[in-house]
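Chemist: Can you look at this prediction? I've put the sequence above it.
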Amino acid sequence: MAIEVRIPTILRSYTDGQKAVEGTGETLASLIADVDGRHAGLRDRLVEDGELRRFVNIYLNDEDVRFLGGLETPVADGDTVTILPAVAGGSWAASDRIARVAH
Amino acid sequence: MTTGVGSVAAMVVLTQATYDAIVAHARRDHPDEACGIVAGPAGSDRAVRFVAMANAERSPTFYRFDSAEQLRVWREMDNRDEVPVVIYHSHTATEAYPSRTDIAYAAEPEAHYVLVSTADPERESFRSFRIVDGQVSEEEVRVIASAELTAR
Ligand SMILES: [Zn+2]
């Protein structure tokens, strides 16, 4: 048995199009390192300077790992880890543009 | 799933009911930004199931889907073999055009990014875009009767 890692569309270029891959590890960080060994580049899309990237959501089963232990969250065989890109944005830069046009 | 964007007609097709629901959500949450999706069968490009999402930021200048709600909705789509055909949000003081922030975080190359501006209290502006690899292209918004979409 292993840990299933569900991959979002935007990151499937790292997994040959696979929607889910398997890995092992004691913590989320070691699981990501293990998976990155077979799907090089994936780790960089999830982790930056030793921290979870701000606009990536990672869930252990049903919980956002930010509310667990982040990258140090313990994981075990049979768990499912789901990666989803955050859906986010804003209008700040647009208002910046309008302000410039108005002047 | 990451290919084929170029072959899709530069148009988003919405029913009048879905169009009205997006505008109503944007008006209701004004002056905060409103956000949500319209799901549809994978590969169909048909926006059929409207889902209003909570803006976890509750902000007039920023939006972010609540992470727990997003997981629930994304799982539901997975189970139904659906994708987010439309991802919408509102700008409440500025034009309905993707900001640099919107472009930087756009992670669904297959989605139609719909923007509604509620800056004018009388008349909304409603536009749609593709955002692929940081490139924005505007597309036509076509509003049809509900029966027509089912028949497509
Ligand atoms: Zn925006």
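Modeler: Happy to help now that I have it.
Chemist: quick one: A:L11 is in a helix?
Modeler: Yes - using DSSP: H, G, I helix; E, B strand; the rest coil, the assignment for A:L11 is a helix.
Chemist: Correct me if wrong: it contacts A:T82.
Modeler: No - in this structure, A:L11 is not within contact of A:T82 by Cβ atoms under 8 Å, at 11.7 Å. Any C-beta I mention is one placed from the backbone N, CA and C, and that applies to glycine too.
Chemist: quick one: the helices in chain A?
Modeler: Using DSSP state H, the helices of chain A run over residues A:28-38, A:42-46, A:92-102.
Chemist: Between A:L11 and A:T82, point out the one with more neighbours.
Modeler: A:T82 (22 against 19; other Cβ atoms under 10 Å in any protein chain shown).
Chemist: Would you check that the more buried one makes contact with B:L71?
Modeler: Yes - taking contacts as Cβ under 8 Å, A:T82 lies within contact range of B:L71: 6.6 Å.
Chemist: shared neighbours, the two?
Modeler: Here A:T82 and B:L71 have A:Y59 as joint contacts, going by Cβ atoms under 8 Å, 6 or more residues apart in numbering or on different chains.
Chemist: Report the closest residue of chain B relative to the ion.
Modeler: B:D102 (4.0 Å; Cβ to the ion).
Chemist: Would you mind listing the buried residues in stretch B:130-148?
Modeler: Residues of stretch B:130-148 classed as buried: B:R130, B:I131, B:V132, B:E139 (neighbour count, 16 or more other Cβ atoms under 10 Å in any protein chain shown).
Chemist: ok, so of the residues you listed, who is nearest A:D44?
Modeler: If you rank the buried residues of stretch B:130-148 by distance to A:D44 using Cβ to Cβ, B:V132 comes first, at 20.6 Å.
Chemist: Report the beta-bridge partners for the closest one.
Modeler: Going by DSSP bridges, B:V132 is paired in beta bridges with B:Q135.
Chemist: Correct me if wrong: it contacts B:A107.
Modeler: No - using Cβ under 8 Å, B:V132 makes no contact with B:A107, being 10.7 Å away.
Chemist: Tell me how far the closest residue to A:L68 other than its chain neighbours lies from A:T27.
Modeler: If the residues on either side of it in the chain are set aside, A:L68 comes closest to A:L60, at 6.0 Å by Cβ to Cβ, 6 or more residues apart in numbering or on different chains. Distance of A:L60 to A:T27, computed by Cβ to Cβ, to the nearest Å: 10 Å.
Chemist: Next: A:W92.
Modeler: A:W92 sits 35 Å away from A:T27, going by Cβ to Cβ.
Chemist: repeat for B:I22
Modeler: 41 Å.
Chemist: Comparing the two, which residue is more hemmed in?
Modeler: When B:I22 and A:T27 are compared for neighbours, B:I22 comes out ahead with 25 against 15, by other Cβ under 10 Å.
Chemist: Show the model's pLDDT score for the more buried one.
Modeler: For B:I22, the pLDDT comes out at 98.
Chemist: Identify the contacts common to A:L60 and A:T27.
Modeler: By Cβ under 8 Å, 6+ apart, the residues touching both A:L60 and A:T27 are A:T73, A:V75.
Chemist: Tell me where the model's unsure across chain A.
Modeler: Filtered on pLDDT under 70, chain A yields the residue ranges A:1, A:93-103.
Chemist: What does B:V48 show for phi and psi?
Modeler: Phi and psi for B:V48, reported as degrees, to the nearest 10, are phi -120, psi -30.
Chemist: That one and B:L14: what is the separation?
Modeler: Computed as Cβ to Cβ, the B:V48 to B:L14 distance reads 10 Å.
Chemist: Looking only at neighbour counts, state which of those two leads.
Modeler: Between B:V48 and B:L14, counted using other Cβ under 10 Å, B:L14 has the larger neighbour count: 27 against 17.
Chemist: That one is in what secondary structure piece?
Modeler: According to DSSP states H and E, B:L14 maps onto strand B:11-15.
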